[in-house]
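> Attaching a predicted model along with its sequence, questions to come.
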Amino acid sequence: MSDKKKLLVIALGGNALLDSKSKGTIEEREAAAAETAEQLIPLFKSEEYDVILTHGNGPQVGNLLIQQEEGSSKVPPMPLDVCVAETQGEIGYILQKAIQNAFEKHGIRKNILSLLTQVLVDEKDPAFEKLSKPVGPYYSADQTREILKTKNWKFKEDPAGKGFRRVVASPKPIKVLQAGIISDLTNDGYIVISVGGGGIPVYYDKNGDIAGVEAVIDKDLASAELAIELKADKFVILTNVEQCYINFNKPNEIKLREMNLDEAQTYFDQGHFSAGSMGPKVQSVIEFVQGTGNQAIITHITKLPDALEGRAGTLVHL
């Protein structure tokens, strides 16, 4: 990273790369990635920032788990950490290719690469007892009952009323093991796609070896951890709304254009941000601002240029 450039970590939602209403075909995934790449072009044309991209994998890993279950009589199913690694490679490839094509189209001479990223967790994290991370598609109540006849899955109802989703363990990220490599690549001028799907969850076993664990880490919390470790100048979470709200979808709904740390923590503690959607995003920006003293933004990808200039999104600061 050069002296004149600021470091920007941008967390893309899994739904930015695969709409929850899509079937999940490669054509749909590539079209979504191409659209995402095009929307990021103004940022890549700018010489103000060095950029690290992170991404979710909720829809993709959920679909992969279905494939694993359906094919389990013929091919041994893989554990969740391996499924996260697979979706890191899959999404990284599709997103990287889309951005490379956009660079070619717009005459941008920059290099981008995807890095398989491991994230350290505590194997004794209480999250392994209290499953909370939604993965995969939404199911109706009837579909959920049918699945539970044959599978020992845990489900939770979506707070927005979209249906039921499978939930898995979501331990807190402690450390991004490849943070130093990501920093070196960024310093050398590469745009890096990393911490895909929250990172591959690993821990150190009793022999001191790295071992995978059955979990999916929240990608916003893992992205915030990376941004803190690298002392990023700004941390941006891109989601499906332009900004945060309190009393969302109620007559007394209020747009939050900015929040200081105390306000963000108070609204979070009051339960204004649901655990299945905005909650982890607000928690992540709180941790980033606390950890660095720098600013964080939550917004929609189409509002990113305006949000970086302070004209859109929700800005969280000290």
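The structure has been received and is ready for your questions.

> Tell me where the stretch 51-200 of the chain has strands.
Secondary structure of the stretch 51-200 of the chain by DSSP state E, counting those that start in this stretch: the strands cover 112-114, 118-120, 133-139, 154-157, 164-168, 175-176, 191-194, 200-204.

> how about CSV for the ones you listed, with mean neighbour count, distance to K105 and mean pLDDT added?
(Each C-beta comes from the backbone N, C-alpha and C, glycine too.) Formatted as CSV, those follow (neighbours: other Cβ atoms under 10 Å; distance: least, Cβ to Cβ, whole Å; pLDDT from 0 to 100):
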stretch, mean neighbour count, distance to K105, mean pLDDT
strand 112-114, 19, 14, 98
strand 118-120, 22, 33, 98
strand 133-139, 21, 33, 82
strand 154-157, 16, 42, 92
strand 164-168, 21, 36, 90
strand 175-176, 20, 32, 98
strand 191-194, 25, 16, 98
strand 200-204, 21, 32, 98
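
> Can you redo the ones you listed as JSON lines, where the extra columns are distance to M259?
As requested, those are exported to JSON lines (distance: least, Cβ to Cβ, whole Å):
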{"stretch": "strand 112-114", "distance to M259": "32"}
{"stretch": "strand 118-120", "distance to M259": "27"}
{"stretch": "strand 133-139", "distance to M259": "25"}
{"stretch": "strand 154-157", "distance to M259": "27"}
{"stretch": "strand 164-168", "distance to M259": "28"}
{"stretch": "strand 175-176", "distance to M259": "26"}
{"stretch": "strand 191-194", "distance to M259": "27"}
{"stretch": "strand 200-204", "distance to M259": "30"}
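
> Out of those, which is closest to K45?
Nearest to K45 among the strands of the stretch 51-200 of the chain is strand 191-194; the distance by Cβ to Cβ comes to 12.4 Å.

> quick one, which of the strands of the stretch 51-200 of the chain is nearest to V75?
strand 133-139 (19.0 Å).
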